[in-house]
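Chemist: Give the three-dimensional model of this entry:
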Amino acid sequence: MKEELAKQAPAVFIVLSAFIEFVVGYLLVVGILNRLLSIVLTCIFILTMMLFGYVEIVGHFMIHIVLILFIIEGMSFYKPPVDMHRTRIDRIVFVALNFLFVLATYLVLYYKFG
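Modeler: Sure thing, here's the model as predicted:
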């Protein structure tokens with residue numbers, strides 16, 4: 001049992017990492033918790049820089065710049081998509097349904113063409 005889990009661990013880690021990156025990117029695009037999410041992501045990227053070194057710095061340099069801008073600026077002068085709805089329940093439904101739609105679209109594209 002443990003040997004099977006050990007063999008599947010890298011594949012599970014990759015899928016979970018991809019899902020977390022997708023969720024975080026979606027939340028940044030929708031406009032939920034931009035500053036808090038940027039601080040958490042910056043901390044995670046700093047930890048991975050200590051683990052992987054120079055390659056990680058070069059690979060995620062532009063993302064670091066954008067996250068630092070989110071931390072400094074917060075929300076831009078454009079209204080985030082979630083602000084189109086006035087009530088809290090409308091916002092929750094908007095975020096949940098759009099998340100499912102975008103996730104389904106990516107999964108179909110990945111498994112159809114990947």
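
Chemist: Let me see the contact set for Gly114.
Modeler: By Cβ atoms under 8 Å, 6 or more residues apart in numbering, no residues touch Gly114. Any C-beta I mention is one placed from the backbone N, CA and C, and that applies to glycine too.

Chemist: Need the mean per-residue confidence for stretch 49-61.
Modeler: Taken as a whole, stretch 49-61 carries a mean pLDDT of 82.

Chemist: Could you give me the buried positions within it?
Modeler: Across stretch 49-61, burial judged by 16 or more other Cβ atoms under 10 Å covers 49, 56, 60.

Chemist: Distance check, the last one against Phe70.
Modeler: Taking Cβ to Cβ, to the nearest Å as the criterion, His60 is separated from Phe70 by 14 Å.

Chemist: how many neighbours does Ala9 have?
Modeler: By the measure other Cβ atoms under 10 Å, the count of residues near Ala9 is 10.

Chemist: thinking again about what came up before, I'd like the buried residues of stretch 49-61 as TSV, with secondary structure and distance to Leu103 appended.
Modeler: As requested, these are exported to TSV (DSSP: H, G, I helix; E, B strand; the rest coil; distance: Cβ to Cβ, whole Å):
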residue	secondary structure	distance to Leu103
Met49	helix	28
Glu56	helix	26
His60	coil	23
